[in-house]
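Asks: pasting the sequence and the predicted coordinates here, then a few questions.
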Amino acid sequence: MRILVSACLLGYNCKYNGKNNLNKKIVELLKDHEVIPVCPEMLGGLCCPRIPCEKVGDRILDKEGNDCTKQFIKGAEIALNIAKEKQVDIAILQRRSPSCGYSVIYDGTFTGNLVTGSGVFAQMLQDLNIPIMEAESEKFV
């Protein structure tokens with residue numbers, strides 16, 4: 001199986017804070033599959049570390065109010081092209097992210113509150129009917 005994975009889940013230090021979300025259960029599960037790591041935020045040109053961003057309506061703003069929507073869309077489009085080129089079977093994404101969040105994302109207030117919704121990249125995958133699993137599903141927790 002070809003599985004696209006949020007790079008932070010594989011230990012890549014690409015989170016906003018310069019760290020990762022290494023998930024050893026996912027790494028173990030994926031050892032017999034073709035793994036395609038992506039970080040749409042880095043692909044879009046955002047630095048690491050960076051100011052945290054959240055989805056506010058149709059825009060992605062950082063905590064200081066700067067609009068980062070273009071970088072998020074650019075990175076999501078690049079990551080989506082990788083998914084299409086590699087003909088991935090499924091994507092495993094990091095929950096809550098303004099890029100990769102699938103069922104819930106931060107609400108845009110930078111207070112840790114969550115709302116139902118999808119990040120930019122997750123929505124693009126959904127629009128192409130590429131199956132998505134979140135790293136915090138019962139299978140991985």
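Replies: Received it, and whenever you're ready, just let me know what you need.
Asks: and the residue nearest the centre of the chain, what is it in contact with?
Replies: The centroid of the chain falls nearest to residue 100 when counting by CA atoms, centre = their mean (2.4 Å). Residue 100 makes contact with 6, 40, 93-94, 119, 121-122 under the criterion CB atoms under 8 Å, 6 or more residues apart in numbering. In this view, the C-beta of every residue, glycine as well, is placed from N, C-alpha and C.
Asks: report the longest helix in the protein, please.
Replies: Ranked by residue count and defined by DSSP state H, the top helix of the chain is helix 69-86.
Asks: let me see the mean pLDDT of that one.
Replies: For helix 69-86, the mean per-residue pLDDT is 98.
Asks: so which elements touch that helix?
Replies: Contact analysis of helix 69-86 by 3 or more CB pairs under 8 Å, 6 or more residues apart in numbering; DSSP states H and E lists strand 2-6, strand 34-38, helix 40-43, strand 59-62, helix 120-127 as its packing neighbours.
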